[in-house]
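> The sequence and its predicted three-dimensional model are supplied below.
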Amino acid sequence: MPPSPNTTAHQVSTVFVLVHGAWHGSWQWAATQRALAGLGAASVAVDLPGHGFGAPLPSGYLLPGRPGLLTERSRLADVTMDDCAEAVLDTLRRVRRYGRVVLVAHSAGGGPASLAAERAPELVDQVVYLSAFVPAGRPRFFDYLGAPENTTARGQSLNLGDPEALGAVRIDPLSQDPAYVEELRQTHYHDTPADRFDRWRSALSPDLPLAVPTTPVTLTAARWGRIPRTFLRCADDRALPTATQDLMIAEADRALPDEPFTVRTLPGSHSPFAARPQELAEALTR
């Protein structure tokens with residue numbers, strides 16, 4: 001939760017700015033934000049363009065038979081990486097007056113968060129990657145998703161249609177196919193309590209703007225490279241295996257060695273905000 005408008009700058013020492021991953025939204029952080037508040041930490045979560053409860057859906061997504069789901073071009077096809085970075089920057093500018101700012105990115109949110117930090121490093125005191133894309137070594141998220149280290153990743157069968165034609169990486173969170181639903185659970189939420197999984201998947205958006213994983217992000221030593229950075233590894237991540245996480249960390253440290261990653265490891269899946277939000281909040285405050 002953001003600080004109250006009546007809170008003076010000296011009353012808040014640190015604000016966490018939370019950036020979600022693909023198909024999620026600011027809502028993914030709600031339980032973590034409650035835990036952060038219980039630890040005395042302020043936070044604000046960002047909705048990237050085309051995400052969250054206001055995200056436009058394919059026209060047949062909620063209709064019987066799901067007409068056009070495999071072929072209808074996404075209404076998010078024109079969303080750019082610049083648009084996403086600007087949403088992060090807007091939040092960073094608004095909270096900077098409260099004191100120290102920690103920018104936290106999950107998964108595909110690492111691209112927009114990194115670009116925002118590169119463009120305005122004066123707005124960020126620390127950046128935390130939660131099993132998130134780090135473009136310092138390779139500029140596109142797809143460059144890591146296609147790496148040999150990522151061959152054990154699950155979830156490729158979740159993608160629908162042709163991303164180039166759709167202008168998006170599309171999934172079907174409301175699928176009625178038990179095998180598809182189980183693959184979604186195993187990929188992202190295998191340790192989330194079973195009675196919560198259907199609620200989580202029903203909140204997901206089907207489309208990730210294609211620009212997010214495909215647009216190159218260039219980072220420099222003088223800007224992004226001067227910000228202290230932490231990587232929170234997820235030890236049993238099936239969407240982005242630890243070998244891929246470690247590859248991004250190692251390549252970033254080689255490319256921009258002046259401020260190397262501090263690395264911490266959390267147990268469990270790609271989605272600790274769903275499975276263990278209290279533990280995630282404690283890791284962030286540490």
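Received it, and whenever you're ready, just let me know what you need.
> Flag every buried residue along the one helix or strand in the chain whose mean pLDDT sits lowest.
Ranked by mean pLDDT, DSSP states H and E, the helix or strand of the chain with the weakest confidence is helix 194-203, at a mean of 92. Within helix 194-203, the residues scored as buried using 16 or more other C-beta atoms under 10 Å are F197, W200, R201. The way it works is simple: take the backbone N, C-alpha and C, and place the C-beta from them, glycine included.
> From the contact counts, what lies against that helix?
Helices and strands touching helix 194-203, by 3 or more C-beta pairs under 8 Å, 6 or more residues apart in numbering; DSSP states H and E, are helix 178-188.
> thinking again about what came up before, I'd like the buried residues of helix 194-203 written out as JSON lines, with distance to L266 added.
Listed next are those as JSON lines, based on distance: C-beta to C-beta, whole Å:
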{"residue": "F197", "distance to L266": "19"}
{"residue": "W200", "distance to L266": "18"}
{"residue": "R201", "distance to L266": "22"}
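> any idea which of those residues is the one closest to Q245?
Nearest to Q245 among the buried residues of helix 194-203: W200, at 22.0 Å, using C-beta to C-beta.
> how close does the closest one get to P173?
Separation of W200 from P173 (C-beta to C-beta, to the nearest Å): 9 Å.
> next one: G146
Separation of G146 from P173 (C-beta to C-beta) stands at 24 Å.
> Who has more neighbours out of these two?
Neighbours per residue (other C-beta atoms under 10 Å) separate G146 from P173, with P173 holding more: 18 against 11.
> quick one: contacts of stretch 278-286?
When contacts are defined by C-beta atoms under 8 Å, 6 or more residues apart in numbering, stretch 278-286 is touched by residues 16, 32, 35-36, 38-39, 41, 102, 104, 128, 130, 232, 264, 266-267, 272-273.
> Same check on stretch 153-168?
Contacts with stretch 153-168, where a contact means C-beta under 8 Å, 6+ apart, come from 69-74, 76-78, 145, 169-172, 180, 183-184, 186-188, 207-210, 238-241, 244.
> of the residues you listed, buried ones?
Neighbour counting with 16+ other C-beta under 10 Å marks 69, 72, 74, 76-77, 145, 169-172, 180, 183-184, 187-188, 207-210, 238-241, 244 as buried within the contacts of stretch 153-168.
> Those residues in helices, which ones?
Taking DSSP state H, the ones among the buried ones among the contacts of stretch 153-168 that sit in helices are L145, Y180, E183, L184, T187, H188, T244.
> Just flag the most distant two among these.
Greatest spatial distance in these: Y180 and T244, 23.3 Å, computed using C-beta to C-beta.
> buried stuff in stretch 113-129?
113-121, 123-129.
> My error: substitute stretch 248-256 in the last question.
Those would be M248, I249, E251, A252, D253, L256, for stretch 248-256 by 16+ other C-beta under 10 Å.
> again, but for stretch 155-174
Going by neighbour count (16+ other C-beta under 10 Å), the buried part of stretch 155-174 is 155, 158, 160-161, 163, 166-174.
> and which of the residues you listed is nearest to Q28?
For these, the closest approach to Q28 (C-beta to C-beta) belongs to P173, at 12.9 Å.
> who's in contact with the closest one?
Counting by C-beta under 8 Å, 6+ apart, P173 makes contact with W23, L184, R201, S202, A203, L204, S205, P206.
> From those residues, pick the one nearest G50.
When the contacts of P173 are ranked by distance to G50 (C-beta to C-beta), S205 comes first, at 7.4 Å.
> contacting residues around the closest one?
Taking C-beta under 8 Å, 6+ apart as the test, what S205 contacts is W23, H24, G25, G50, H51, G52, A55, L57, P173.
> Pretty sure it sits in a strand.
No: going by DSSP: H, G, I helix; E, B strand; the rest coil, the assignment for S205 is coil, not a strand.
> For the nearest residue to it once chain neighbours are set aside, give me the pLDDT.
Once flanking residues are discounted, S205 sits nearest to A55: 4.3 Å by C-beta to C-beta, 6 or more residues apart in numbering. If you check A55, the pLDDT there is 91.
> which stretches of the stretch 1-150 of the chain form helices?
30-38, 81-95, 110-119, 141-145 (DSSP state H, counting those that start in this stretch).
> okay, those helices in CSV with distance to G65 next?
Supplementary listing: the helices of the stretch 1-150 of the chain in CSV, determined by distance: least, C-beta to C-beta, whole Å:
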stretch, distance to G65
helix 30-38, 33
helix 81-95, 32
helix 110-119, 34
helix 141-145, 31
